[in-house]
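J.: what follows is a predicted structure for the sequence shown.
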Amino acid sequence: MERLTISLDDPLAASFDEWLAGRGYTNRSEAMRDLIRAELERSRQQEAPRRQGVGVLSYVFHHRYRELGERIVGLEHAYHDTIVSSIHANLDAERSIEAVILRGAMRDVRRFSDAVCAHRGVHHGQLNIVSAQDER
């Protein structure tokens, strides 16, 4: 293992320590490793959009928007080879939450996610995506 040393000004170090504590880290080194891994993954995703990935898209939507359900189902059919599974739950009389598990080229996973979240009536859309290819 290689050792690196960094210097942080006092306010930044204090903010970092608060961030660590809030996420349950017991030491700075593991947090730094996770932050570096996350940034490297983000860079890989941008540089290689055909890289295979897996993701979960979660979003809340309102039922009152006309034909929203049919439009989303149409998108799901267009991306049938990217969608692995989905789950739906009613939050109240007007809103539902949907979680969709996706797999395929990261470009396609992002396109589906962006297309769903762009619909009027879809709120709080969030995609979590990671590479499905081993980096060894």
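T.: Yes, it's here.
J.: and the helix or strand containing residue 11, what other elements does it pack with?
T.: Following DSSP states H and E, one finds residue 11 within helix 10-23. With contacts defined as 3 or more CB pairs under 8 Å, 6 or more residues apart in numbering; DSSP states H and E, the secondary structure elements packing on helix 10-23 are helix 28-47. For glycine as for every other residue, the C-beta is placed from the backbone atoms N, C-alpha and C.
J.: what lies in contact with the helix it packs on?
T.: The contact list for helix 28-47 (CB atoms under 8 Å, 6 or more residues apart in numbering) reads 6, 16-17, 19-20, 23, 25, 51, 53, 106, 129-131, 135.
J.: quick one: the strands in this protein?
T.: Along the chain, the stretches classed as strands by DSSP state E are 52-62, 83-90, 95-105, 122-131.
J.: which residues touch stretch 119-129?
T.: Stretch 119-129 is contacted by residues 45, 53-62, 64-65, 68, 71-72, 102, 106, 109-110, 113, 116-117 when judged by CB under 8 Å, 6+ apart.
J.: hmm, 6 Å instead?
T.: Residues outside stretch 119-129 that contact it (CB atoms under 6 Å, 6 or more residues apart in numbering) are 53, 55-62, 65, 68, 109, 113, 117.
J.: now the residues you listed as TSV including pLDDT and distance to residue 10?
T.: What follows is these, written out as TSV (pLDDT from 0 to 100; distance: CB to CB, whole Å):
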residue	pLDDT	distance to residue 10
53	88	39
55	93	38
56	97	38
57	97	40
58	97	38
59	96	40
60	96	40
61	94	45
62	92	46
65	82	50
68	89	50
109	92	41
113	94	40
117	94	40
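J.: tell me the one of the contacts of helix 28-47 nearest residue 88?
T.: Proximity of the contacts of helix 28-47 to residue 88 was ranked by CB to CB; the top entry is residue 129 with 20.6 Å.
J.: just to revisit the earlier point, farthest-apart pair in the contacts of helix 28-47, please.
T.: Taking CB to CB as the measure, the contacts of helix 28-47 span a maximum distance of 34.4 Å, between 17 and 51.
J.: now tabulate the strands of the chain in CSV and tack on mean neighbour count.
T.: Compiled in CSV, the strands of the chain are given as follows (neighbours: other CB atoms under 10 Å):
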stretch, mean neighbour count
strand 52-62, 19
strand 83-90, 12
strand 95-105, 17
strand 122-131, 15
